[in-house]
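Asker: A predicted structure for the sequence below; I have some questions about it.
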Amino acid sequence: MITFYRANERPFGAFSNLFRRRIDLHGRSFPTAEHAYQSLKPRDPRVRDWLLAAPAPALLALAAHTIPSEEVDPAELMARTANALLGFHTRPGWSRLRYPWMLQCLGAKFAQHQDLRDLLLSTAGRQLVEAGRIDDDAGRRWGIVNGRGSNYLGRMLMKIRAELLGESYVDVDLQARLDAGQAQLVEAIGAQGLGTEQ
């Protein structure tokens, strides 16, 4: 098993969305995969631009995670407070479209940078786990924190790795989430005025 979390941890910190590596996606350029991912979360383009102007990827992630989710979780009070203070809501359908959108962001990252692709391929046959340290809804969704979580980030990386190797990757739960959010993703990309090419 390979665990990763902080972008500055060598060598597997490169798997973190906060790892500083520019990606181009749907005609736009982003400083990190985290920037690309968070760019679709707000429905208000002014909020999106404000988030993307964060001076560090970690600040972007912190700010974006206070945007209300469509799910009830322990951070609900904080989310409602952020919503009242910032005056915006999460894009409709975010709870579904975030999965295929994350996969697109990760796919772009590893397709566009040979060294990152080589690093990912070097992990063949090993389980990849984002070993999160913040025990909240997002931490448990994308990684595993204190032994609990879904590890969707690690699972998506394993899916991309398998595809790069020409192998099949069977993850029924992940595939169901990817399929369930595809229509909302196409709609959100269109609303942003982005092309639908990959």
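Answerer: Perfect, thanks for sending it.
Asker: now residue 132: how far from residue 5?
Answerer: Note on residue 132: its distance to residue 5, by C-beta to C-beta, to the nearest Å, is 6 Å. No exception for glycine: its C-beta is placed from N, CA and C like everyone else's.
Asker: tell me, what's touching these two both at once?
Answerer: Common contacts of residue 132 and residue 5, defined by C-beta atoms under 8 Å, 6 or more residues apart in numbering, comprise residue 143.
Asker: ok, and what's touching stretch 179-190?
Answerer: 26, 40, 91-94, 96-101, 104, 195-196.
Asker: I'd like the next helix or strand past the helix or strand of the chain with the lowest mean pLDDT.
Answerer: For the chain, counting by mean pLDDT, DSSP states H and E, helix 76-86 ranks last in confidence among helices and strands (a mean of 51). Going down the chain from helix 76-86, the next helix or strand is helix 94-112, by DSSP states H and E.
Asker: Kindly export that next one (C-alpha atoms) in CSV.
Answerer: Backbone C-alpha positions of helix 94-112 (Å, rounded to 0.1, in the frame of the first residue of the first chain) are rendered in CSV as follows:
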residue,chain,number,x,y,z
TRP,A,94,-22.4,19.3,-7.3
SER,A,95,-22.8,16.2,-5.0
ARG,A,96,-23.0,14.1,-8.2
LEU,A,97,-20.9,15.9,-10.8
ARG,A,98,-17.8,16.2,-8.5
TYR,A,99,-16.9,12.6,-9.1
PRO,A,100,-16.6,12.6,-12.9
TRP,A,101,-15.1,16.1,-12.7
MET,A,102,-12.4,15.0,-10.3
LEU,A,103,-11.6,12.1,-12.6
GLN,A,104,-11.2,14.6,-15.5
CYS,A,105,-8.9,16.8,-13.5
LEU,A,106,-6.8,13.9,-12.4
GLY,A,107,-6.7,12.5,-15.9
ALA,A,108,-5.5,15.8,-17.3
LYS,A,109,-2.8,16.0,-14.6
PHE,A,110,-1.3,12.6,-15.4
ALA,A,111,-1.8,12.9,-19.2
GLN,A,112,0.0,16.2,-19.4
